[in-house]
Structure formats: structure tokens, C-alpha cells
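>>> Could you work out the structure for the sequence below:
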Amino acid sequence: MDILAANLDGAGALRTVSPLLVMHRWSGRGNPRDAAALGRSTGAGFAVLGRIVAVGPDSARVTARLVDVASGDTRAELDWRDDAEHLDRLGDSLSIGLLREIGQIRPVGAVRRESIKARGLPALKAFLQGEQYFRRTEWDSARAAYGRAIALDSTFALALARMGRSYSWQRYGFDSLAREFALRAGAHNQGLAPRESLLILADSLRSVVYAYQRDPAYFRHARRLFETLDSATARYPEDPEAWYALGDARFHFGIGDGLAVDDEKILGAFDRAIALDSSFAPAYIHPVEIGLGGADPSRGIGYARGYLALGSTAVNAEGTALALRLVAPRPGDAEALRTMLDTATADVLFNAYSATRLATDTGEAAIALLRRIAEGRKARYGAFDPPFARARLARQLSYRGHLRAAATIAEAREAAVFAVLAELGAVPDDTARAVFARWLRTDARDPILRTPLTVDAMGWWASRRDTASIRAAESAAAARARAGGTQASLAAYEALVAAAHLALARGDSADAIRRFDALPRDGCPLCLSVQLVHARLLSLRGVDARAREILRRRVTLLPSAFDVLFALERARAAARAGDAEEAAAAYGLVARAWARGDPSLASLVAEARQGVGRVGPSTRARAR
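Numbers count the residues shown, from 1 in each chain. Okay, here's the model as predicted:
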């Protein structure tokens, strides 16, 4: 009894009643009914009873029953044998067996009976301790516990996978350690039950897909990730972690041609996870972001309050609490908010920014938060240095219509958002021409998505009839494609995009559409400017149905003016098609996002407000 109590206490959420109290309270016979009565008197959920008998001159046999106190039923029977001198080994074997059985009835971690493959009880116990921290989003403590489990068993696939997830949450999904642990878990994904095997496979695929365009098979891997998690939720529809993993994959990778997943489907997966296990804190974080970015931010506020009610003390919770105070300030809160902003670490500020980056709040919280990080605030976990913050700030400023301010940030000239700023007239033509020429000379890539920046310049070149620059880009891309290597397919796609823009620059829109239609859908799912030009051409030719299919796709996780331009074209196409509700929703985003933007955007904001105003009151409320 002492060995079992010590082994099981602290294994995940389990706590054991003191053996001394058990001995003091015990007065019955060795049967399930009396064991259940003892359990009720001590507040326990389970009781274990059994016996040890000698088997031959030097062996012992332990038999045990696991009794559900509430029902009095025997839920499992276990039987172990070992040398009589090694009762500790018998105790460990019995403890692991009990953990497996309890895991079938109540959650004690990301495990099922067939899948506990740890080499011994200490590794398993450390893993289950990590699970409790993981559930509360307390990544530091979770990593420490998983680290102990991995030190005891370097092949413990579940612990390796969870370590990777913890690093991913604390830093980025593309963090080198996050990917390393996920891939190591995949390498040891053997002998596990189908459920655990599917989830570990998904984690390893996720670590590969996080390379985005640096992965030459990005589209194929992303599709396989979705298929794996769709299979997991179909086989285990009552499993909250499978639904959480599906929601997380849809959130990060449900973007672009052939992969896009709308917000409602993403939230649907997370909502299912929360409904099945409302105390699993990671499932709330991304819904906060999506909810705050919608027409009705109270939805995001609800997720935020649900997450904070779980009592997590993690940096994600601190960031969520700060975000909540910023988007839903209380009367007389200004001074307290100022103090929070002045004292918060870069990690907290970044998590608050992540929660608010899709929001269209009047206080423009995400911009204020990024400016604080750009001041040089220290970060403990992520690489949230000033250049990083300035690059994000340029995108965020453009999302809220502050185009001229975005154009003054040096990092904007190294990213796709600069092409939008040039299109909207926020930078002089000679400056744009010089930046685009440099992109062409250096084969520049977007620092986050690694898309070739010349594809973003091509629309501007085409609008100026600059066929020489487009031909130069086509020639350079074709040469890279012929040279081979991991990026050859992306270079070939770039050459095809150049040919389509050449047709556009010549004024041959029919040929341009034909070439855009023929682009491989998996060539560059994240090349947003290509999709926007394609959709605009289709709309001009009156092919609104196909244009709307492109314009309905989720754009990125890092909002910029691209998102608003997509919404504007989507609203126009929907209005022409008579879809008042979709038009109002899309126009609503434009009106909210650019309400305080540069004067040059005033006519577009007026168009958006008129578009919202043309629909009925109920639709207008949803759009607002």
C-alpha cells in the first residue's frame, strides 16, 4: 500500500489518500462494496484492493482490483508476478497497470491504456506531471517535467511530442527545438495505439509544414496533415485533443489556394474540443484571436474569459488578460493599463499582440503593443527584438490603414506588404521602382513566409507597362528552375507568374486570365498578390463566381492591407452577385479596419460604409 500510494500520488491529476488514514478508517472486509464505502468516507474517486501471496519458494504474486467508488463496480483486475525480493518492481508494474486503467475512465494525460510505452514508472510519472502543466498552458513547468521523462527514456514518443508542442507555444512552431522534438517523436512512433500514433504523426507533419515555402512539398505535407487529423477526429469523435489539434492545424495552415479553411470551421473544431474538455486551456488561445477579429468582438472576449477562468499563470494568460483590458477597458482603467504596458515583458506584450492582431478595435491595441516591443523591451523566450517588432508593425499599420506610417519603416521594404503600399500610392514611384529592382537583383524572399518578393512586384510593373522588368524576372526564375534544387518548383511557378503578368502588361487580359488559370494550385499557396491580381482580372471580365472562390480564402495570420483589399474585392463581387450578407460582412471589415486610416483611403471607406448601409438591419448588425 505504501509503494502504490507513493507511486500514484502526483501522477498527473491523481492524488492518493494517506496510507495512515486508510488504515485508521478501514473496518470492512476485502470486497468491492466495503472498499467503495472507504473511498466515499475519504472523498476518493477510486479504491484499490488486493492481496500478495507467495508462489513457490522465491516468488510473489499480486492481484488487485480497481473499484469505482461512485458505482461500487470493479473496473479492472490486475495480476503480476515477480521475485519476492523485488516488491518495488511489483509495485511499479501494478502502478503502471492502474494508471493505464484509470486513463480509460478519467483523463490523466494524453495517453490510453495501450500507449504508455515509457521505460518504467519514473518516466511515466514525470510525463503525467508535465501533462497537467501543459493543460494549463504553463510551458516552463511542462518542459521541465517532459525533460525529466525524456532523460529517463529518450525514446518516449509522447513526451518528445509534448516537448515539441511546448517549445512551439513558447517560441514559434518553426523554432528549431520545437521541430527537432516533434521529428524525434515521429521517429519513435512505433508500437503505439492508433490514436496516439495519429496525433504524433500529425505533430511531426506540423513541424515540417511550419517551414512554409522552404518546404518544397509544402502543399502535399499540409494536405496530409489535414487528412491525418480528419481521420483522428472521425475515429475518435469524443476526443478533445484530436479536435484541438485539428483546429490548431486549420488555424496555422488553412490558408491559400486549395488549403483555405474559414474561421467558422476553425472555431468549430476548437469549440468541439472545449465542449468535450472545458479545462483544456490551449484550446482557447487561437479562438480569442479569431473572435476578437470578427464583427462581434464579444465572441473573442468570451473565449478570453473562459481561458482566464482556468487560473493559468502562464505568459499566454498574462498576454490574454492584457489584451482583454485593452479591447474592453473598464471605466477608470487608463492608469492601471499604462502601468501594465510599462512593466510588461516583451513575451507578455507579444502574446497580447497575438490576441489582438486581427481585431479592428478603435484603440488599435496591436499597434500600441508592437511599438512597445520595438522600443527594445526584453524577451525571455521568443526572438521579439526591435527589427522583428518593426516588421510586424509595418504590416499591422497597413492593416489599420496607416499606409504612410508603414512606409517609413525600413523593414517594410524587405516584405511583401511593400508592394501593397506602392499600389496604394503610399510611396513615390521612383522609390518603389528602386526597391523592386533590388528585389529582382537579390532574389529577395519575404522573411516570414519565404515567398519570392518579385511576384509581389509584378502587379506594379504590369500596371506601369514595365515589360522589361517582368521579362528579367521571368528569365531569372527560369534559370533557377533549370538549376534544380529544393526551390526549383517555386522558381518555375515564379516564371509562369511572370508570363501571366507580361500578358497583362500588354493589355491582353484574356491571355492573362488563361495563364493565371493554368498556374499550379500548389505552386505558391501563400503568394497573395498573385491571387489578388487573378481575382481582379476575373471580376473585370465578369467571371465573379470564380473570383469569389479566390477572394473567400483566408489570407494570412499576420494581417496587412492584403486582408483588407481581399475583403474589398470580395464585397464588390458579392454585391454584383446579389449576396447582400457576404457583401455587408466584407464591406464591414474594410470600414472597421480603415476607419482611422490615411485620407487617401477615405473614398474606399465611404464605399464600404455605403455597402453596409444598403442591407437590412439584421445583416448590418452582423457586419458591424
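
>>> Could I get the full set of strands for this structure?
Assigned strands in the chain, in chain order: 46-55, 59-68, 74-83 (criterion: DSSP state E).

>>> Tell me which residues of the second one come out buried.
Using 16 or more other Cβ atoms under 10 Å as the test for burial, strand 59-68 gives Ala60, Arg61, Val62, Ala64, Arg65, Leu66, Val67, Asp68. Backbone N, C-alpha and C define where each C-beta goes, glycine included.

>>> Residues in a beta bridge with the first one, which ones?
Following DSSP bridges, Ala60 is listed with bridge partners Ala54, Asp82.

>>> neighbours of Asp598, just the number please.
Asp598: 18 surrounding residues under other Cβ atoms under 10 Å.

>>> Surely it and Arg400 touch.
No: the pair Asp598 and Arg400 fails to qualify as a contact (Cβ atoms under 8 Å) at a distance of 10.0 Å.

>>> low pLDDT regions in the protein?
Where the chain drops to pLDDT under 70, the residues are 2, 6, 19-20, 24, 84-88, 107-120, 173, 381-383, 615-624.

>>> again, 50 this time
The model of the chain has pLDDT under 50 over residues 110-115, 618, 620.

>>> Domain ranges for it, per the record?
Domain assignment for the chain by automatic domain parsing gives 2-108, 415-526, 542-624.

>>> starting at the chain centroid, how far to the last one?
In this view, domain 542-624 has its centroid 26 Å away from the chain centroid, taken as Cα atoms, centre = their mean, to the nearest Å.

>>> Likewise for stretch 399-413?
Distance, centroid of stretch 399-413 to centroid of chain: 26 Å (Cα atoms, centre = their mean).

>>> returning to what we had before: need the strands of the chain in CSV (columns: distance to Arg390).
Below are those laid out as CSV (distance: least, Cβ to Cβ, whole Å):
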stretch, distance to Arg390
strand 46-55, 55
strand 59-68, 58
strand 74-83, 58
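
>>> Give me the neighbour count for Thr16.
As a burial measure, Thr16 scores 18 neighbours (other Cβ under 10 Å).

>>> Now for it: which residues touch it?
Leu4, Ala5, Leu8, Asp9 (Cβ atoms under 8 Å, 6 or more residues apart in numbering).

>>> In helices only, show me these.
Leu4, Ala5, Leu8 (DSSP state H).

>>> Report the contact partners of the first one.
By Cβ under 8 Å, 6+ apart, the residues touching Leu4 are Thr16, Val48, Gly91, Leu94, Ser95, Leu98.

>>> ditto for Ala391
Ile409, Glu411, Ala412, Glu414, Ala415, Pro447, Ile448.

>>> Which residue, neighbours along the chain excluded, lies closest to the fourth one?
Counting by Cβ to Cβ, 6 or more residues apart in numbering, Glu414 lies nearest to Pro447, which is 6.2 Å off, once chain neighbours are set aside.

>>> Could you double-check that that neighbour lies in contact with Ala415?
Yes: the criterion here is Cβ under 8 Å, and Pro447 meets it with Ala415 at 6.3 Å.

>>> And the two? Which one has more around it.
Ala415 (26 against 14).

>>> what's the nearest residue to the more buried one if we skip its chain neighbours?
Closest to Ala415 by Cβ to Cβ, 6+ apart is Asp446, at 5.5 Å.

>>> what's the spacing between Tyr167 and Arg576?
48 Å (Cβ to Cβ, to the nearest Å).

>>> Neighbour count: those two, which is higher?
Neighbour tally, Tyr167 and Arg576, criterion other Cβ under 10 Å: the higher count belongs to Tyr167, 23 against 14.

>>> How about the contacts made by the more buried one?
Trp139, Arg143, Asp175, Leu177, Ala178, Phe181.

>>> Filter these down to the buried ones.
Trp139, Arg143, Asp175, Ala178, Phe181.

>>> Going by distance to Leu38, which of the buried residues of strand 59-68 wins?
For the buried residues of strand 59-68, the minimum distance to Leu38 (Cβ to Cβ) is 9.5 Å, reached by Val67.

>>> contacting residues around that closest one?
Val67 makes contact with Pro32, Ala35, Ala36, Gly39, Phe46, Ala47, Val48, Leu49, Asp73, Thr74, Arg75 under the criterion Cβ under 8 Å, 6+ apart.

>>> Dump those residues to CSV, plus neighbour count.
Putting those into CSV (neighbours: other Cβ atoms under 10 Å) gives the following:
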residue, neighbour count
Pro32, 19
Ala35, 24
Ala36, 23
Gly39, 22
Phe46, 22
Ala47, 22
Val48, 23
Leu49, 21
Asp73, 11
Thr74, 15
Arg75, 15
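
>>> a markdown table for these, including distance to Arg515?
Formatted as a markdown table, the contacts of Val67 follow (distance: Cβ to Cβ, whole Å):
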| residue | distance to Arg515 |
| --- | --- |
| Pro32 | 75 |
| Ala35 | 76 |
| Ala36 | 74 |
| Gly39 | 73 |
| Phe46 | 67 |
| Ala47 | 73 |
| Val48 | 71 |
| Leu49 | 76 |
| Asp73 | 69 |
| Thr74 | 71 |
| Arg75 | 65 |
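
>>> And for the nearest residue to Arg357 once chain neighbours are set aside, the neighbour number?
Nearest non-adjacent residue to Arg357, counting by Cβ to Cβ, 6+ apart: Ala366, 4.6 Å away. Burial of Ala366 is recorded as 30 neighbouring residues (other Cβ under 10 Å).

>>> Any figure for the gap between Ala366 and Ala545?
From Ala366 to Ala545 the distance is 34 Å (Cβ to Cβ).

>>> Over to Gly300?
Look at Gly300 and Ala545: by Cβ to Cβ, they are 32 Å apart.

>>> who has more neighbours, those two?
Comparing Gly300 with Ala545 by other Cβ under 10 Å, the one with more neighbours is Gly300, at 26 against 10.

>>> can you pull the contacts of the more buried one?
Per Cβ under 8 Å, 6+ apart, neighbours of Gly300: Pro287, Val288, Glu289, Ile290, Gly291, Leu292, Gly293, Gly294, Val327, Ala355, Ala359.

>>> same thing with Ile301?
Gly291, Leu292, Leu324, Val327, Ala328.

>>> I figured the second one hits Ala359, correct?
Yes: applying Cβ under 8 Å, one finds Leu292 in contact with Ala359, separated by 4.3 Å.

>>> Common neighbours of the two, please.
What both Leu292 and Ala359 touch, as defined by Cβ under 8 Å, 6+ apart, is the set Gly300, Val327.

>>> The closest residue to Phe226 other than its chain neighbours and His286: what is the separation?
The shortest distance from Phe226 to any non-neighbouring residue, by Cβ to Cβ, 6+ apart, is to Ala249 (6.3 Å). Note on Ala249: its distance to His286, by Cβ to Cβ, is 11 Å.

>>> same thing with Leu403?
Leu403 sits 28 Å away from His286, going by Cβ to Cβ.

>>> again, but for Gly293
Where His286 is concerned, Gly293 sits at a distance of 11 Å (Cβ to Cβ).

>>> can you check Ala5 too?
To His286, Ala5 is 40 Å away according to Cβ to Cβ.
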